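S.K.: below: sequence and its predicted model.
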Amino acid sequence: MNTFQLEQVEEMISQANYRDALNAIESYEKLDELSDDEQLTLKYLKSTLYLRKGLFKEGKKYSEEFLEASRDLLNPAREIDALVSLGMAITILGDPDNGLNFAGKAKRILTMLTNDPTTELSKKEADLLHLKGIILRFKGEDVKALKMFQQSLLLREKVGDGIKIVDSLYEIGVIHYYSVRPEKCLECCQRTLEISNATNNKRGIALAKIGFGAIHRINGEHSKARKLFQDSLKIGEEIDDQRIISLSLQFISTVCFDIGELSIALEYIERWKFLVEKTGNFGEETMIYNNLGATYTYAGDVNRALEHYQVSVKNLEKIGNQRAIIISLVNVGEILSIMGKNKPSREYIERAIELARQNKYDYGHLFALYAMIRYFNNSISSDALDEYLLELKEIYDRHIETPAINQQYRLAKAIILKSKGRLADKMAAQKIFQQISEEKCVHLDNTVDALINLSELLLFELETTGNKKALAELNKISNKLLTLAKTQYAYPCMAEAYLIQSKLKLIEFDIDESQRLLSQAHLIAQEKGLNRLSQIISIEEESMLKLFSTWEKILDQNPSISDIIKISRVEDLITGVIRNKIYQNEEEVIAYADKALQIAKAWKT
């Protein structure tokens with residue numbers, strides 16, 4: 001056995017040719033005469049292979065064997081490699097504090113090494129910085145983690161460590177993505193793809209595709225995103241890289257969730273969950289519970305959603321990931337609000353806001369503040385709202401060039417203005433909602449929120465003035481909402497748009513078209529597994545059938561628009577969409593339907 005053969009195995013791993021690399025390692029391990037250095041190199045390669053392909057339980061096992069052998073053979077340089085590998089495995093398996101302990105041991109040995117070539121020392125220092133970055137990101141300290149990855153990248157570029165440059169770029173891109181800096185994430189993806197194509201690194205090509213797909217997703221380009229994730233999944237399966245497969249399944253399930261294909265989303269989550277149980281990736285296990293919570297929320301099963309979100313919070317608290325805890329606390333708060341449990345809901349969101357303040361986490365702070373304003377703007381004191389808006393303004397000022405954050409701050413400001421009694425405030429809110437609705441869709445939820453809130457204000461104008469121009473504007477907005485939903489394949493939004501259009505047709509006295517649009521909404525909800533929404537639409541259809549003959553008599557009496565709005569309950573529908581309650585409150589819908597029936601009977605007599 002010679003050095004060239006070992007270098008060939010390392011090259012196989014760098015090109016994600018894992019099967020041939022493992023066969024070669026196992027073949028060489030059977031040789032009778034191996035030097036100490038050759039034994040250690042094989043153990044290093046084996047632990048590296050398993051960690052790189054995402055099998056962290058096995059990676060931990062082989063890293064422990066590597067560490068023991070390097071100590072037995074008194075090889076401090078290889079001991080550093082083993083400590084870094086073991087620290088990586090232990091961190092991802094859910095013990096970042098212990099991972100930091102191994103990083104500290106590696107650092108102490110590194111400072112004592114003086115005989116190794118400068119290039120080798122730089123490689124080890126870069127690996128150690130990368131490990132620290134992983135630990136910090138696992139604990140939610142993204143600002144510090146970013147610095148570690150950037151320092152690691154500089155060293156890896158200096159020594160020309162191509163495969164590990166890709167690793168650094170990927171981690172930097174992930175932080176930019178979750179910090180809502182898509183342009184910087186895109187730069188990382190482009191460099192990753194360029195380097196990976198030049199070196200025939202299939203794993204790097206898959207990571208680049210995942211990154212590009214993630215950017216398309218936040219831009220609302222779901223079909224492009226889905227294709228890229230499917231491509232990366234195919235590569236992952238081809239090279240047997242469990243990490244690539246896992247990431248691909250995660251993002252495919254998220255896109256399916258985004259567009260309302262909930263049954264398909266659950267299928268991908270189950271595949272993802274099965275794989276994560278095999279690999280032991282604790283961070284992804286926590287994300288699975290979060291994604292299940294979101295999916296069950298849209299499906300209308302709030303109890304199961306709450307159960308999964310709470311498991312997510314519990315797991316995150318184990319590893320101390322404050323930033324992810326903030327997001328999960330808000331998710332729990334939103335579910336409780338949907339369930340009508342406003343006091344505990346507000347308490348969860350307040351906890352998230354305070355945690356975001358303490359950790360100086362702008363994205364989580366924005367997310368929590370926006371949820372508080374969206375759900376509780378009518379029950380929060382004016383002073384508290386002003387304080388929340390001031391905090392949002394400070395975040396906005398720091399990220400003024402980030403379109404999604406820019407829009408969310410303005411949305412929050414407009415929601416607060418809308419809740420005030422003065423007509424001038426409502427007009428100012430309407431102007432903001434109008435502007436956002438006409439801007440490029442940089443985040444689907446922002447555009448939808450702007451359109452729905454604008455609808456509520458126009459409905460208020462229509463009810464108070466009877467101005468038919470407001471009705472024409474409402475129809476334009478509902479058409480735009482429907483077009484947007486179709487373009488983005490956002491099926492829950494599509495069903496809601498048809499529901500709103502159905503109500504507007506009642507206001508226009510077109511009962512037949514109203515029924516047709518309601519049936520269209522019902523069909524989408526049934527086909528896409530939106531079970532609770534489907535039940536609610538069934539109640540709406542039943543209510544309309546009961547009222548059909550009565551509606552004709554009501555319309556013969558030429559009622560005012562204000563009366564028609566009350567009977568049709570379009571205002572209740574739009575308010576429910578704004579507060580995310582349309583999916584859950586079946587009892588309220590029944591109550592509203594009964595109320596409408598009573599109003600209709602009064603007209604009939």
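M.R.: Arrived safely. Residues are numbered from 1 along each chain as shown.
S.K.: give me the number of residues near the residue nearest to Leu100 when sequence neighbours are not counted?
M.R.: If the residues on either side of it in the chain are set aside, Leu100 comes closest to Ile135, at 5.2 Å by C-beta to C-beta, 6 or more residues apart in numbering. (C-beta placed from N, C-alpha, C; glycine too.) Applying other C-beta atoms under 10 Å, we find 27 residues neighbouring Ile135.
S.K.: then Ile500?
M.R.: When counting by other C-beta under 10 Å, one arrives at 26 neighbours for Ile500.
S.K.: now it, nearest residue through space, not along the chain?
M.R.: That would be Ser478: by C-beta to C-beta, 6+ apart, it lies 4.9 Å from Ile500.
S.K.: what mean pLDDT does whichever strand or helix holds the one you found have?
M.R.: In this assignment (DSSP states H and E), Ser478 forms part of helix 468-488. Helix 468-488 shows a mean pLDDT of 86.
S.K.: cool, and stretch 173-191?
M.R.: Here the average pLDDT along stretch 173-191 is 89.
S.K.: go through that stretch and flag the buried ones.
M.R.: Neighbour-count burial for stretch 173-191 flags 173-182, 185-186, 188-189, 191 (criterion: 16 or more other C-beta atoms under 10 Å).
S.K.: what does stretch 336-354 give?
M.R.: Buried, per 16+ other C-beta under 10 Å, within stretch 336-354: Leu336, Ser337, Ile338, Met339, Ser345, Arg346, Tyr348, Ile349, Arg351, Ala352, Ile353.
S.K.: as TSV, those residues with pLDDT would be great.
M.R.: TSV is the format used below for the buried residues of stretch 336-354 (pLDDT from 0 to 100):
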residue	pLDDT
Leu336	91
Ser337	87
Ile338	81
Met339	83
Ser345	94
Arg346	94
Tyr348	95
Ile349	95
Arg351	95
Ala352	95
Ile353	95
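S.K.: of the residues you listed, which pair is most distant in space?
M.R.: Using C-beta to C-beta, the pair of the buried residues of stretch 336-354 lying farthest apart is Met339 and Ile353, separated by 20.5 Å.
S.K.: show me what contacts Lys440?
M.R.: By C-beta atoms under 8 Å, 6 or more residues apart in numbering, Lys440 lies in contact with Pro403.
S.K.: swap in the one 10 residues further on?
M.R.: For Ala450, the set of contacting residues under the criterion of C-beta under 8 Å, 6+ apart consists of Gln407, Leu411, Ala414, Ile432, Phe433, Gln434, Ile436, Ser437.
S.K.: let's go with 7 Å and repeat that
M.R.: Residues in contact with Ala450 (C-beta atoms under 7 Å, 6 or more residues apart in numbering) are Leu411, Phe433, Ile436, Ser437.
S.K.: redo those residues as TSV? Include distance to Gly300 and pLDDT.
M.R.: Output for the contacts of Ala450, formatted as TSV (distance: C-beta to C-beta, whole Å; pLDDT from 0 to 100):
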residue	distance to Gly300	pLDDT
Leu411	25	92
Phe433	27	93
Ile436	28	92
Ser437	27	90
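S.K.: what about the chain, any weak spots by pLDDT?
M.R.: Low-confidence segments of the chain, defined by pLDDT under 70: 1-2, 4, 114-117, 543-561, 563-605.
S.K.: related to what we said a few turns ago, quick one: which of the buried residues of stretch 173-191 sit in helices?
M.R.: Judged by DSSP state H, the buried residues of stretch 173-191 include Gly173, Val174, Ile175, His176, Tyr177, Tyr178, Pro182, Cys185, Leu186, Cys188, Cys189, Arg191 as members of helices.
S.K.: rebuild these as TSV, extending it with distance to Glu307.
M.R.: Shown next, in TSV, are these (distance: C-beta to C-beta, whole Å):
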residue	distance to Glu307
Gly173	33
Val174	28
Ile175	30
His176	33
Tyr177	28
Tyr178	25
Pro182	33
Cys185	33
Leu186	37
Cys188	36
Cys189	36
Arg191	41
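S.K.: closest to Gln15 out of these?
M.R.: Among these, and counting by C-beta to C-beta, the member closest to Gln15 is Arg191, at 18.3 Å.
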